[in-house]
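Trainee: heads up, no residue letters with this:
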């Protein structure tokens, strides 16, 4: 569990299935990240079991719930992913519409970067973002990530911008 001034970042559980269903069906999530095809709570539970919960067991990290400090419903996710298609650990984040534009994504990402560097000893992270997602690209650049190249996670996928960050570079 990570804490910031305004947030608690903690592992997702199966009880978070309704939140995951809402987040993954947000039109901006579908447009900017992907349509995961999660249309009901049962599918959200499978997503949690096969995604974040499996990652916790296999890697010791994954996507975590972002909640207001002091309790309350999740407002987003932020965490670390080990994708088969990327050599480095990837930071990812997404917030519900009502939580955007308040600095929560940056606050959560800073905490996750600190955890990755100080606790996990990671010296490099990457992030992938749709080329047209200007707010996310600006957030990454503000955190000290630098655009490196375009990548495709699968042969049929659209190009994504790959950003890289090194622990020797301070968070902006």
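Mentor: Perfect, I can see it now. No experiment lies behind these values; they were computed from the predicted model shown.
Trainee: looking at this protein, which helix or strand is least sure?
Mentor: Using mean pLDDT, DSSP states H and E, helix 27-32 stands out as the lowest-scoring helix or strand of the chain, at a mean of 90.
Trainee: I'd like the next helix or strand past the longest helix anywhere in the chain.
Mentor: When the chain is parsed with DSSP state H, its longest helix is helix 104-118. Using DSSP states H and E, the next helix or strand after helix 104-118 towards the C-terminus is strand 124-129.
Trainee: which neighbouring elements make contact with that following strand?
Mentor: Under the contact definition 3 or more CB pairs under 8 Å, 6 or more residues apart in numbering; DSSP states H and E, strand 124-129 sits against strand 90-95, helix 134-142, strand 160-166. C-beta here means a position set from N, CA and C on the backbone, and glycine is covered the same way.
Trainee: poorly predicted segments of the chain, please.
Mentor: Residue ranges of the chain with pLDDT under 70: 169-172.
Trainee: again, only this time at 90
Mentor: 1, 31-35, 37, 70-72, 84-85, 152-158, 167-172 (pLDDT under 90).
Trainee: and the least confident helix or strand of the chain, how far out from the chain middle?
Mentor: Centre-to-centre, helix 27-32 and its host chain are 14 Å apart (CA atoms, centre = their mean, to the nearest Å).
Trainee: got the buried residues for that helix?
Mentor: Buried residues in helix 27-32, counted by 16 or more other CB atoms under 10 Å: residue 29.
Trainee: and if you look at stretch 156-172?
Mentor: Neighbour-count burial for stretch 156-172 flags 160, 161, 162, 163, 164, 165, 167 (criterion: 16+ other CB under 10 Å).
Trainee: what sits against the second one?
Mentor: With CB atoms under 8 Å, 6 or more residues apart in numbering as the criterion, the residues that contact residue 161 are 128, 129, 130, 131, 137, 147, 150, 151.
Trainee: for residue 41, see how far away residue 21 is.
Mentor: Distance, residue 21 to residue 41, using CB to CB, to the nearest Å: 6 Å.
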